[in-house]
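Asker: Everything below, folded, please.
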Amino acid sequence: MAASGSPPTRRVVAVVELLAESPRALTVTEIVDRLSLARATVTAVLTELCAAQWATRDASLAYRPGPALSRLAGTEAVEAGGAVGAELAALAEAAGCGATLSRIAGDRLTIVAKHYAGETIVPGLSVGQSIPLAYPAGAAVMPWRSTDERERWLRSAAGREGARDLLYFVTTHGFAMFRPKDDDAGLVDVLTELFGALGAELLQPALRAKLLRQLSRLTSRAYTTADIVTPRSLPVSYVSAPVFRGDEVPYEVQFGPLRAEVGPADRERYAQLIKVGAQAISVALEAREQTGPGLDRSP
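Answerer: Numbers count the residues shown, from 1 in each chain. The predicted structure follows:
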């Protein structure tokens, strides 16, 4: 593992990250193998995590994130069985790839739910993790934010062409679609093959950080209206859409096909999937708020 000022703390963080990013529960043996830690260490960490309800153990003696960890991430409404989580899962399954729901508050973007689908698991932020809001993240919500917020976001796109045009595209079409630069098109296949071979839960933190920096290159160009109507096949990395709550847009939903060649019919299908999925999540959020506790209601 990477050097740390507090190795015991780093080991706890690694176990939590692994559980949060895995699409299924993991056994002690799997955690030991994937993190290269001593079995006694992993067992001790899991015992404490379970005691604090940061992890839970199922009947097969496998571990997954617990309710306390979900509460800290503000994800009560998207735990298994929740309507919001069910709609996100339905979107991911329909698209055949991973999907995430993010909350944008102030200058931060926080992952509040994710669901894996398809054969390739692409590592990314864990549920509860937060990053500074910067282009292109949050593009789907920016048209509905204050002028100051939009201008700060646009400044973060310095040197990136088309950021302001992207906001107009979102308001016109109801979604955003991203691709790498033309000379990076082959990177889609290279990275997805690499991620598929390693598996998200196998990545050590240092290696994962390097791969995520490469993954960010996949969103270096936003689609334009001219791109949408071209008959040629084009690479598609990510698609996102706004999730409304009344007149506000606090959430962005996203899925990542990560395909090097996508024809116009499939591009249209992705556009319809993300818009229908975003609307379904919005309805589920509204219903949840009318009947019980929902996602973090901070603006």
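Asker: Next one, pLDDT for residue 179 please.
Answerer: Looking at residue 179, its pLDDT stands at 84.
Asker: ok, it touching residue 237?
Answerer: Yes - counting by CB atoms under 8 Å, residue 237 is a contact partner of residue 179 at 5.7 Å. All C-beta spots, glycine's among them, are computed from the backbone N, C-alpha and C.
Asker: quick one: which of these two has more around it?
Answerer: residue 237 (27 against 23; other CB atoms under 10 Å).
Asker: ok, the more buried one to residue 247 distance?
Answerer: 30 Å (CB to CB, to the nearest Å).
Asker: So residue 140 belongs to a strand, correct?
Answerer: No - counting by DSSP: H, G, I helix; E, B strand; the rest coil, residue 140 falls outside a strand, being coil.
Asker: Count the residues that sit near it.
Answerer: The number of residues near residue 140, taken as other CB under 10 Å, comes to 28.
Asker: same deal with residue 266?
Answerer: 14.
Asker: Report the secondary structure state of it.
Answerer: Going by three-state DSSP: residue 266 is helix.
Asker: For it, give its distance to residue 28.
Answerer: 42 Å.
Asker: same question, residue 148
Answerer: In terms of CB to CB, residue 148 sits 49 Å off from residue 28.
Asker: out of these two, which sits in the more crowded spot?
Answerer: residue 28 (15 against 8).
Asker: Is it correct that the more buried one is in contact with residue 40?
Answerer: No - counting by CB under 8 Å, residue 28 does not reach residue 40; the two are 10.2 Å apart.
Asker: now residue 56, which residues is it bridged with?
Answerer: Bridge pairing for residue 56 (DSSP bridges) gives the partners residue 64.
Asker: pLDDT wise, what is it at?
Answerer: 86.
Asker: Starting from residue 12, give me the distance back to residue 177.
Answerer: Following CB to CB, the distance that separates residue 177 from residue 12 is 38 Å.
Asker: what about those two, which has more around it?
Answerer: residue 177 (29 against 18).
Asker: Against residue 136, how distant is residue 161?
Answerer: Counting by CB to CB - residue 161 and residue 136 are separated by 12 Å.
Asker: In terms of packing, which of those two has more residues around it?
Answerer: residue 136 (23 against 11).
Asker: in the stretch 1-150 of the chain, what spans have low per-residue confidence?
Answerer: 1-5, 23, 67-81, 118-126, 129 (pLDDT under 70).
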